[in-house]
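Trainee: sharing a model that was predicted from the sequence below.
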Amino acid sequence: MEDFIILAHDRYSCRRFSDKSVESWKIDRIIEAAIAAPTASNRQAWYVWAVTDEISQAVVRAATPYHFDAPVLLVLGVRPEDAGMSRMSGINFADIDGGIVGAHMLLEAHDLGLGSLWVGDFHADAIQEAFTETDGYRLVGIFPLGYPADDAEPHKLHFIRKATSEISMQI
């Protein structure tokens, strides 16, 4: 297993995938990483659908141009009414929890030698109309998943980071 900071820096949004199939045990490990994600009050108010068959993938692909022909599409949904709430601010933690779950999935995918990215630009209503299993969830991401193509590389902006002094200070 890689050192976490190396993993965090090396992971990038993969937009080119090979045709190689993703082993089911690797999908299971990504879901296991999602389950390990900390959520507010441990409510775990989220669900992941692994879209692997061609007919279902066609529906999801029609909902976004950003599928990159990945062999697997993971769809993440959150259920706000089941999520934890801040007693002090009234914030519902569903989207925050979804972000933590999504980050866990992306990092585990990279650790397993897979490429992925978080797609937030999609027609959730089209997916929800086709898959009644998603009823009651707010879909927050599609994660194209697969082995990076030989010519896959990070976007040119991937390695540009702000200096620590620009985004953090001790007070």
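Mentor: The structure has been received and is ready for your questions. Numbers count the residues shown, from 1 in each chain.
Trainee: element containing the residue nearest the centre of the chain, please.
Mentor: Centroid-nearest residue in the chain, with Cα atoms, centre = their mean: G102, separated by 3.8 Å. Per DSSP states H and E: G102 is located in helix 94-111.
Trainee: strands of this structure, residue ranges please.
Mentor: For the chain, the strands defined by DSSP state E cover 46-51, 72-78, 115-116, 138-146.
Trainee: T64 is nearest to which of these?
Mentor: strand 138-146 (6.2 Å; Cβ to Cβ). The C-beta positions use only the backbone N, C-alpha and C, and glycine is treated the same way.
Trainee: which elements pack onto the closest one?
Mentor: The contact analysis (3 or more Cβ pairs under 8 Å, 6 or more residues apart in numbering; DSSP states H and E) places strand 138-146 against strand 72-78, helix 94-111, strand 115-116, helix 124-130.
Trainee: so which of those is the most packed in?
Mentor: Mean neighbour count (mean count of other Cβ atoms under 10 Å) peaks for strand 115-116 among the helices and strands packed on strand 138-146, with a mean of 26.
Trainee: and it, what's its mean pLDDT?
Mentor: For strand 115-116, the mean per-residue pLDDT is 98.
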